[in-house]
Every structure is written in C-alpha cells, then in structure tokens.
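Participant: structure for this input, please:
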Amino acid sequence: MIDLRRLCLPLMVTLVATGCSPIHGTLGPDKQQSDLRESVEAPFQLSEGESPFCNVPPMQIPEVPELARAPDIFSYKLFFLLDQTTFTEESRRESEEIYQEILDRDFSEITISGHTDTSASNAYNEALSLRRSKKVRQQLIEYGVPADTISISAEGEYRLLVTTPDDTVEVRNRRVEITAR
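Facilitator: Below is the predicted model:
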C-alpha cells in the first residue's frame, strides 16, 4: 500500500501543477490562455456554469423549392374478339373513357403493346398483335393525343396474361396494354 502511495504522489503533484489538462501545458509566462481554448470560447458569451458546446445556435435549414412530381403511371388493358382488331363490347365502351383520361392527363410517353392468344401460328399472331397496336395508336391520335408521344410494339403470343397450351382460345390474352407516363 505504501508503494502505491509513493507512485501516485508524484503523478498527483504533476497533474495539479499542469492544471489537469493538456491545454494548460501550452501556456507560457507571456500567454494567459491557449490558442485552442480561445478558438473554442471566443465566439460565445458564457455565463457562469455554462459550456461553450451547449450554446451552439440551432442550424438554419434553407427552404427547398417543391420539386415537380412525375405523374403516376396509367396502365390499362383492352380486349379483342377472336382473330380481329375489334374490341369486345366491354372494351369498346371503356376505350373512350381511357382515351379521354390519357388526353386529359397530358402524358409525355404512351406505350401500346399488342398481344394475342395461342390459337394461330406465331408469325400470324405477331402480325395480328401489330395490327391491334396500330389500331389503338390511330384511335388515340384521332382522339387528339400527339402522335410523337405514342410508341407501339407487337408481342404476339409471347407474353401471355393467362398461361395456356398452344392452339387455345383465351380472351384475356387477346389484348393491348396501354401504359402512359
């Protein structure tokens, strides 16, 4: 125990003499305060018992202008009669509402993708799906949608909505998909 006191006593004397801080070790006879302490305390007016680190003014966040929001994606399917570019009765009624919605919302990009069922050959179905896409594109143009905003594609029977074996009639696969942004 006595050995421990002998070791601690010189350490305690050294700490008291230097002010218990490495900042005070930089003080000299012609310097009353260290550069570090001046840089920390100089910009603040402190009252007794306050810390310079607690009196930092709140950060001001600049106002950011509201960014333009991209329009929601509009997506719809219209269905066709077997081996034709004529809509089913329900799709015929819905088509005018869909076209008007596209016109009203002023989309900058419209994609029309034509599809068929598996009831004919691949080559025939590709050609039929292209005719369906072209028909819907033409109707949109006649409705007032700018032609340069419309692109078309023909998928034939390659992207079926309802998976069926070859040579199967399925109305949900005979469609155009309209996607507008």
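
Participant: for the protein, what spans make up the strands?
Facilitator: 74-79, 110-114, 150-154, 175-180 (DSSP state E).

Participant: need those in CSV (columns: mean pLDDT).
Facilitator: Output for those, formatted as CSV (pLDDT from 0 to 100):
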stretch, mean pLDDT
strand 74-79, 96
strand 110-114, 98
strand 150-154, 97
strand 175-180, 97
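
Participant: looking at these, which is closest to E126?
Facilitator: strand 150-154 (5.4 Å; CB to CB). Yep, even glycine has a C-beta here, placed from its N, CA and C like the rest.

Participant: re the thing from before, could you dump the strands of the chain into CSV and include mean neighbour count and distance to E66?
Facilitator: Shown next, in CSV, are the strands of the chain (neighbours: other CB atoms under 10 Å; distance: least, CB to CB, whole Å):
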stretch, mean neighbour count, distance to E66
strand 74-79, 17, 23
strand 110-114, 21, 27
strand 150-154, 17, 30
strand 175-180, 22, 24
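
Participant: in TSV, list the ones you listed along with distance to L140.
Facilitator: Shown next, in TSV, are the strands of the chain (distance: least, CB to CB, whole Å):
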stretch	distance to L140
strand 74-79	11
strand 110-114	7
strand 150-154	6
strand 175-180	8
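
Participant: quick one: closest of these to T164.
Facilitator: Nearest of the strands of the chain (CB to CB): strand 175-180, 13.6 Å.

Participant: name the helices or strands packed onto that closest one?
Facilitator: Helices and strands touching strand 175-180, by 3 or more CB pairs under 8 Å, 6 or more residues apart in numbering; DSSP states H and E, are strand 74-79, helix 89-105, strand 110-114, helix 122-143.

Participant: ok, residues contacting the first one?
Facilitator: What it means is strand 74-79. For strand 74-79, the surrounding residues in contact (CB atoms under 8 Å, 6 or more residues apart in numbering) are 87-88, 90-91, 94-95, 98, 101-102, 105, 107, 136, 161, 171-172, 174-181.

Participant: 7 Å - rerun?
Facilitator: 87-88, 91, 94-95, 98, 101-102, 105, 107, 136, 171-172, 174-180 (CB atoms under 7 Å, 6 or more residues apart in numbering).

Participant: now do the second one
Facilitator: When contacts are taken as CB under 7 Å, 6+ apart, the neighbours of helix 89-105 outside the stretch itself are 71, 74, 76, 78-79, 87, 110, 139-140, 143-145, 178, 180.

Participant: how about a cut-off of 6 Å?
Facilitator: 76, 78-79, 140, 143-145, 180 (CB atoms under 6 Å, 6 or more residues apart in numbering).

Participant: repeat that for the last one.
Facilitator: Helix 122-143 is touched from outside by 85, 99, 103, 112, 114-116, 147, 150, 152, 154-157, 176, with contacts defined as CB under 6 Å, 6+ apart.
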